[in-house]
Structure formats: structure tokens, C-alpha cells
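In: coordinates for the following, if possible.
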Amino acid sequence: KTGEFLWKKCLATGRVKRIEATIENVNLNDLGGVKSLDLSNGEKINGDFFVDCTGWAKVLIDKVGAKFKSYRDNLLVNKAIVFPRPTKENEVIKNHTVATARKYGWTFDLPLQNKVGRGYVFNGDMISVDDAVKEMNDCYNEEIDVKKVIYFKSGRLDKMWIKNVLATGLSASFLEPLEATSIGTTIQQAFIAMHKIRGDGSISPPDRKLINDITDGIMHNTRDLVALHYINDNI
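Out: Modelled structure (predicted):
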């Protein structure tokens, strides 16, 4: 609903065009940047500047030479199972998320109006999905219903801005669900870029390097914040 609200606000300005289609091909220019996109509806989108927010697929940034830097030596979890349950009748809904340390990772209980979002984030190299389910059955004293198994890699791109493509959100980085850091880092990326893009949509090479250096520092700090939870018994 939040996403729907935001795109309606953007369309209301009269300066934004919304096209629903799938990118089938990325065409590069002579400088190695993105020139245009071929869409599944037959349209071709030409542009001078592109923001890659295609999530883990990294559809645009991969085409201009992005390289992934893993954080697996710092953040050990790499898999999750999700098993929500319906909200019970007359259940008092908590106003906070509960994160609980477990043997191979941690679990979350996220109360919503119609359900409680629950999941186990763990190291898939230490425990199998089947054994993780058994562990949760014991922890919650019920037969959990796993809706989804999620595999992910902790890390970031070596450069989030390459040529005329800026990667943001999951296209640029992902640590793990703890503290919901992706929300914060995405907002910071947007603000940094907003202050450096010129009125004509261009950006100077020094500013591009500065943005990459700043976001690099942000990701290092955020990585260390999450790692602190695992090495400090008081958090």
C-alpha cells in the first residue's frame, strides 16, 4: 500500500510516466554505459541516466561491470524460513518486533493486524532446512507451516554508481534482515545522490567517486553494527 501511495503521488505531478513491462534487453552505448532498454511490450526506453532498483537480479548494474563483495566472513547467516500465523481472536497485538537469539541464528515475530510474521534466519551451512523446521517446532511448541525458504548472500557492490547507472536498494547491497538495515541504507543512498546530481541530470566523475566512497563507508559501518549483535551478549 505504501508503494501504491507513492507512485500515485509521483504520477499526480505530471512529470512522471509509469510503464508496466519487463526488461528483455539492455543496450549499451559507446562508453559502456546504458543507452536504452528493450521492454516486453515492444517499447524501447532511451535515457541518459538509469537507477537500478531491480533487486537481487541487478539487471542494469551487472551490465556495466559491477562486482559483488561478500560479507560472509563477517555475517554468517545466509538462509531463512518464513512461517507466519493468523492473528488469534481478541489477541492483543504488540507494537514491536521481537528478535530472539537461536542456536544457528535468530527468529523474528512481527505483529500485524491480520497475522504475525515469523521467520528463522540462520546459517544454512550449519543446519539444514528440515532440521531448522524441527528446531522451530520445538521452540514454538507447534507444527509450523513454512511458506517460503529464502536464500541470500550478505555483501555489497564494489561500486554502486558505475558510468550512468546508480544501483540502490537490494541491487546495491544486502546484509541480513536484522535491524532492517536495507531501509536505512537505501534512504541514505537516495539523499546522497539527490544532492550530487546536477540540474541537467549529469554528475561529475569526482562526485561519482565521492558517492561511491561515502556509500562504501556506510555499508562498512552498517555491517559492523549487525555483527556487534552476535559478539555482544548484552544486545
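In: show me which positions of the helix or strand of the chain with the lowest mean pLDDT end up buried.
Out: Counting by mean pLDDT, DSSP states H and E, the chain has its least confident helix or strand at helix 181-196, which shows a mean of 88. Residues of helix 181-196 classed as buried by neighbour count (16 or more other Cβ atoms under 10 Å): 181-182, 185-186, 188-189, 192-193, 196. For glycine as for every other residue, the C-beta is placed from the backbone atoms N, C-alpha and C.
In: where does pLDDT dip in the chain?
Out: 199-202, 234-235 (pLDDT under 70).
In: in it, where's the longest helix?
Out: Longest helix in the chain, counting residues (DSSP state H): helix 205-231.
In: just checking, what packs against that helix?
Out: Here helix 205-231 touches strand 161-162, helix 181-196, going by 3 or more Cβ pairs under 8 Å, 6 or more residues apart in numbering; DSSP states H and E.
In: the ones you listed: which one's closest to residue 16?
Out: Counting by Cβ to Cβ, residue 16 lies closest to helix 181-196 out of the helices and strands packed on helix 205-231; the figure is 15.4 Å.
In: so how far is that closest one off the chain centroid?
Out: Chain-centre distance of helix 181-196: 12 Å, with Cα atoms, centre = their mean, to the nearest Å.
In: may I have that helix as PDB, with CA atoms only?
Out: Output of helix 181-196 as PDB, limited to C-alpha atoms (Å, rounded to 0.1, in the frame of the first residue of the first chain):
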ATOM      1  CA  THR A 181      19.200  -2.100   7.600                       C
ATOM      2  CA  SER A 182      18.300  -2.100   3.900                       C
ATOM      3  CA  ILE A 183      15.600   0.500   4.500                       C
ATOM      4  CA  GLY A 184      18.100   2.900   6.100                       C
ATOM      5  CA  THR A 185      20.900   2.400   3.600                       C
ATOM      6  CA  THR A 186      18.500   2.800   0.700                       C
ATOM      7  CA  ILE A 187      17.300   6.100   2.100                       C
ATOM      8  CA  GLN A 188      20.800   7.300   2.600                       C
ATOM      9  CA  GLN A 189      21.800   6.400  -0.900                       C
ATOM     10  CA  ALA A 190      18.800   8.400  -2.300                       C
ATOM     11  CA  PHE A 191      19.700  11.500  -0.300                       C
ATOM     12  CA  ILE A 192      23.400  11.400  -1.200                       C
ATOM     13  CA  ALA A 193      22.600  11.000  -4.900                       C
ATOM     14  CA  MET A 194      19.900  13.800  -4.800                       C
ATOM     15  CA  HIS A 195      22.500  16.300  -3.600                       C
ATOM     16  CA  LYS A 196      25.100  15.500  -6.200                       C
END
